[in-house]
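Engineer: Fold the following, please.
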Amino acid sequence: MTAVPAPAERPPVFEPRRIIISGADSGIGKATAVALARTGRQVGLTWHEDRAGAESTAAEVEAAGGTAHVRHLDLADPANGTALVDELAETMGGVDTLVLCSGTGTATRLLEMDLETWQHVLRVDLDGAFCCLQAAARRMVEDGTAGRIVAITSVHEHAPRVGAGPYCAAKGGLGLLVKVAALELAEYGITVNAVAPGEIATPMTGQEDESVVQGKGRPGIPVARPGDAREVAATVAFLCGPDAGYVTGASWAVDGGMLTMGPMAGSHLDSDDWRQP
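Structural biologist: The predicted structure follows:
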């Protein structure tokens with residue numbers, strides 16, 4: 001009788017329990033916090049300008065059975081990210097999941113941009129993300145547990161935009177930082193991925209939580225509408241969950257097909273309006 005081979009050993013199932021989400025007072029950060037909230041999970045939420053928004057997010061997290069911890073975070077000093085992650089990790093008894101949503105940008109052409117504006121965007125979007133990522137990864141390694149790290153970048157991690165020089169530089173840099181971190185942290189059971197949204201209906205794009213289906217035609221996007229923050233959050237939740245253990249170093253575009261439109265859009269433009277921010 002042929003011996004039946006023993007089943008292959010499966011990796012332990014990962015479950016996010018102690019979660020930190022930066023920039024959780026609105027938009028993608030808020031939607032992600034709600035998507036990850038479950039009974040027994042602790043969720044650290046940070047805000048920069050909108051404390052009321054963060055408190056609203058916390059109420060939704062707690063309504064879903066989670067425990068929310070709300071903190072202020074100003075990444076204009078990137079070292080604040082390190083201190084904040086360490087403090088929340090102490091409060092929650094560790095950290096196993098980090099989602100980086102904090103960010104800022106510009107609408108200024110390079111010839112008119114001052115150095116301070118350039119440096120501010122890089123400090124918040126890249127240096128601050130590095131400090132948070134490093135601090136969380138150190139905690140995960142010290143605790144000897146698997147972990148998930150997801151950075152919200154942008155389609156401008158991959159493609160440029162007029163007037164967004166420092167934003168594109170920061171998001172492109174963050175995308176490569178994700179790949180380096182994925183290589184270095186894999187041996188500890190930590191996955192690191194990016195999610196690159198296109199136009200999402202959030203306060204950052206001048207849109208609130210409103211219907212993205214009605215009255216929002218976008219001829220240059222294949223699906224012909226902006227995205228909903230919850231659509232981005234669903235992708236983040238997958239990458240933070242038990243079924244994404246074999247996904248690392250990837251950048252997931254959630255953009256309605258925007259990035260695929262380069263040659264098509266270029267061949268169909270009929271004005272020079274694109275040259276302006």
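
Engineer: mind listing what G94 touches?
Structural biologist: Going by C-beta atoms under 8 Å, 6 or more residues apart in numbering, G94 touches 18, 139-140, 143, 145. The way it works is simple: take the backbone N, C-alpha and C, and place the C-beta from them, glycine included.

Engineer: I should have written E231 there, sorry.
Structural biologist: 200, 254.

Engineer: That one: which element?
Structural biologist: helix 229-239 (DSSP states H and E).

Engineer: what's the answer for T91, then?
Structural biologist: Per DSSP H and E: helix 79-92 holds T91.

Engineer: which strands and helices sit next to that helix?
Structural biologist: The contact analysis (3 or more C-beta pairs under 8 Å, 6 or more residues apart in numbering; DSSP states H and E) places helix 79-92 against strand 18-22, strand 42-47, strand 67-72, helix 128-143.

Engineer: mind redoing it with 10 Å?
Structural biologist: strand 18-22, strand 42-47, strand 67-72, strand 97-100, helix 128-143 (3 or more C-beta pairs under 10 Å, 6 or more residues apart in numbering; DSSP states H and E).

Engineer: okay if I get these as a markdown table plus mean neighbour count, mean pLDDT and distance to L239?
Structural biologist: Formatted as a markdown table, the helices and strands packed on helix 79-92 follow (neighbours: other C-beta atoms under 10 Å; pLDDT from 0 to 100; distance: least, C-beta to C-beta, whole Å):
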| stretch | mean neighbour count | mean pLDDT | distance to L239 |
| --- | --- | --- | --- |
| strand 18-22 | 28 | 98 | 13 |
| strand 42-47 | 26 | 98 | 16 |
| strand 67-72 | 17 | 98 | 21 |
| strand 97-100 | 29 | 98 | 9 |
| helix 128-143 | 21 | 98 | 14 |
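
Engineer: For those, give me CSV that also has distance to T106.
Structural biologist: Output for the helices and strands packed on helix 79-92, formatted as CSV (distance: least, C-beta to C-beta, whole Å):
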stretch, distance to T106
strand 18-22, 20
strand 42-47, 21
strand 67-72, 23
strand 97-100, 19
helix 128-143, 16
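
Engineer: Can you tell me the SS state at R161?
Structural biologist: Secondary structure of R161, reduced to three states by DSSP: H, G, I helix; E, B strand; the rest coil: coil.

Engineer: Oops, could you answer that again for E187 instead?
Structural biologist: Assignment for E187 (three-state DSSP): helix.

Engineer: give the contact list for the residue nearest in space to the middle of the chain.
Structural biologist: Central residue of the chain (C-alpha atoms, centre = their mean): I152, 2.2 Å from the mean position. I152 sits next to 21-23, 27-29, 32, 99-103, 129, 171, 174, 194-197, 200, 232-233, 236, 254 when contact means C-beta atoms under 10 Å, 6 or more residues apart in numbering.

Engineer: Apply the buried test to those and list what passes.
Structural biologist: With burial judged by 16 or more other C-beta atoms under 10 Å, the buried subset of the contacts of I152 is 21-23, 27-29, 32, 99-103, 129, 171, 174, 194-197, 200, 232-233, 236, 254.
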